[in-house]
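> okay, sequence plus prediction incoming.
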Amino acid sequence: MAVQPDPRLAPWLRFHARVAGPAQRIEGRVLLVPASGLSVISDIDDTVKITEVRNQQQVVLLNTFVRAFKAVPGMAERYQNLARNPQTRFHYLSSSPIQLLPALAGFLRDAGFPLGSMHLRESTTWRTLIPGSGESRAHKLAAIARLMEDFPLRRFLLIGDSGELDPEIYGEVARTRPERVEGVVIRDVTGEGRDAARYARAFAGVASERWHIFRDGGAWPLN
């Protein structure tokens, strides 16, 4: 196997390897993650891409499989500001099916988001393209746990939205692994406000300065 740096893709390495079988050669790229630093775990739907998950399933399907992807205004710039620190890495976490990987990776690149690893959900039938809430929660918790295990010295910033279960999922992680979580940022798409009973439950036991709610057009809660 040959590995070579590509300055256009920093912090990535390109690799190619010869294998047995018809393919004979495979190519790919590897994200280099320092032992320490900040890892941003970001949801995709309604966090960086407008999907309108809270609307009717038909709208979700159209925004996922038919219509051109649209970025949430201002989010790419906010992520690029976080990426100014050379130790920062991005991990995009979604319950979207793995079949959408090329389209989502292309969207993130074209919309100006920092490149990062992608953690999507395995889906083998049409019936499982849209996951149930329990399946989505299990997928995200497992992916976060794996990242924390793989990079035990890194801190994690969790970014999501209020349209589904991101507050509850991230609150559970922050409550059980407080030493690993730098903070939680939730994009408000439900209009509940920080003092909503939902957030009190989701972030019970989490220090108030560790979790933030913001709305489009409002101030970004991180420096």
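On my side now, so go ahead. Just so it is clear, the structure is predicted and the values come from calculations on it, not from any experiment.
> contacts only, for the spatially closest residue to P86 that is not a sequence neighbour.
Closest residue to P86 apart from its sequence neighbours, by C-beta to C-beta, 6 or more residues apart in numbering: P11 at 7.9 Å. For every residue, glycine as well, the C-beta is placed using N, CA and C. Residues near P11 by C-beta atoms under 8 Å, 6 or more residues apart in numbering: L31, L32, V33, P86, R89.
> mind running it again at 10 Å?
For P11, the contacting residues are 5, 30-34, 86-89, 114-116, by C-beta atoms under 10 Å, 6 or more residues apart in numbering.
> any idea which of the residues you listed is closest to A143?
G116 (12.8 Å; C-beta to C-beta).
> excluding its backbone neighbours, what's nearest that closest one?
F90 (3.0 Å).
> got the phi and psi for that neighbour?
Phi and psi for F90, reported as degrees, to the nearest 10, are phi -120, psi 140.
> show me what the longest helix that the chain contains is packed against.
The longest helix of the chain (DSSP state H) is helix 133-150. Counting by 3 or more C-beta pairs under 10 Å, 6 or more residues apart in numbering; DSSP states H and E, the packing neighbours recorded for helix 133-150 are strand 37-43, strand 89-97, strand 117-121, strand 154-161, helix 166-176.
> switch the ones you listed over to a markdown table; also include distance to R194.
Output for the helices and strands packed on helix 133-150, formatted as a markdown table (distance: least, C-beta to C-beta, whole Å):
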| stretch | distance to R194 |
| --- | --- |
| strand 37-43 | 19 |
| strand 89-97 | 23 |
| strand 117-121 | 28 |
| strand 154-161 | 14 |
| helix 166-176 | 11 |
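> now restrict the contacts of P11 to buried residues only.
Among those, those buried by neighbour count (16 or more other C-beta atoms under 10 Å) are V33, T88, R89, P114, L115, G116.
> which one of the residues you listed is nearest A200?
T88 (30.5 Å).
> and the spatially closest residue to the closest one that is not a sequence neighbour, what's its pLDDT?
Spatial nearest neighbour of T88, chain neighbours left out: L38 (4.8 Å); criterion: C-beta to C-beta, 6+ apart. At L38, the pLDDT value in this model is 97.
> L38 - how many residues pack around it?
Neighbour count for L38, taken as other C-beta atoms under 10 Å: 18.
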